[in-house]
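Novice: here is my input, please return the structure:
(one chain, ligands or ions: 1)
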Amino acid sequence: MDGSGVEASTTAAWMERHRQMYERATRHPFTVSIRDGTIDLSAFKRWLSQDYLFVREFVAFVASVLLKCCKQEDSLDMEIILGGVASLSDELSWFKNEAVKWDVDLASVPPLKSNLEYHRFLGSLTEPEISYAVAVTTFWIIETVYQDSFGFCIEEGNKTPPELLGTCQRWGSAEFKQYCQSLHRIVDHSLANAPADAVKSAEEAFVRVLELEIGFWEMSSSQS
Ligand SMILES: Cc1ncc(CN)c(N)n1
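Specialist: Prediction:
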């Protein structure tokens, strides 16, 4: 409880408890170098091709979240999550267009180790025994890391190269922020009604996403 007798949300407590790791995921040298204009373009291209492969895996995960949502007694969140699934079609087209622009051949790129690790994690969460609370929490924090990371690249004082502004807008826009806030409300509501073991698993998934996102930026920076 805070001073006003209002119970603080579970996610707010996690953000506090795991602040350092959240900062490492959302202020990583890779995205900070986009913001300060020192980005190594070969690293950017690596990120682009690896993220395309990531998003292809992400589609199946988000579809599984939608399915779980539809099985809830009140499926009021359905339209927000359906919008998320639909937007991934646009996102894949965006990657293909960017790849042409940057002369990256998406067809010849194998997924790197950290990407494969992330795929395995997403795959494990599509299983039917994973609760909706855990799945939707994972979805929210994955989107939020990108929103916060790329949002920072277009905040005041940025020196982001003009050719990278489109990328930063994609996840840093006010619209994407609103979408993440909607997901956040869904998560808080879902966790408030979830049993303690599901809340614990959701926190573990939250931390795991932060680790995997840090690994993804590292991989993009250095090919590890
Ligand atoms: C690795 C990663 N994390 C998050 C996102 C945002 N959907 C993404 N495209 N790629």
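
Novice: C-alpha only now, for contacts and for neighbours.
Specialist: Noted.

Novice: poorly predicted segments of the protein, please.
Specialist: By pLDDT under 70, the low-scoring segments of the chain are 1-8, 74-75, 223-224.

Novice: next to the ligand, which bits of it? Give me the list.
Specialist: Residues of the chain lying near the ligand by CA under 6 Å from any ligand atom: 51, 55, 142-143, 146, 213, 216.

Novice: closest to the centroid, which residue in this protein?
Specialist: Centrality entry for the chain: nearest residue to the mean C-alpha point is residue 142, 2.3 Å, by CA atoms, centre = their mean.

Novice: immediately after the helix or strand where that residue lies, which helix or strand?
Specialist: Per DSSP states H and E, residue 142 falls inside helix 132-153. Once helix 132-153 ends, the next helix or strand along the chain (criterion: DSSP H and E) is helix 165-172.

Novice: list of residues touching that following helix?
Specialist: The contact list for helix 165-172, computed with CA atoms under 8 Å, 6 or more residues apart in numbering, reads 146-154, 176-177.

Novice: ok, residue 199 to residue 211 distance?
Specialist: Note on residue 199: its distance to residue 211, by CA to CA, to the nearest Å, is 19 Å.

Novice: who's more crowded, those two?
Specialist: residue 199 (21 against 16; other CA atoms under 10 Å).

Novice: how about the contacts made by that one?
Specialist: Residue 199 neighbours (CA under 8 Å, 6+ apart): 133-134, 191.

Novice: give me that answer again for 7 Å
Specialist: residue 191 (CA atoms under 7 Å, 6 or more residues apart in numbering).

Novice: try residue 217
Specialist: By CA under 7 Å, 6+ apart, the neighbours of residue 217 are residue 30.

Novice: may I see the buried residues of the helix or strand harbouring it?
Specialist: Under the criterion DSSP H and E, the helix or strand holding residue 217 is helix 196-222. Buried residues in helix 196-222, counted by 16 or more other CA atoms under 10 Å: 198-199, 201-203, 205-207, 209-221.

Novice: compare the contacts of helix 165-172 and tell me which is most surrounded.
Specialist: residue 153 leads the contacts of helix 165-172 on contacts (other CA under 10 Å) with 27 neighbours.

Novice: can you tell me how far it is from residue 26?
Specialist: Residue 153 is 11 Å from residue 26, by CA to CA.
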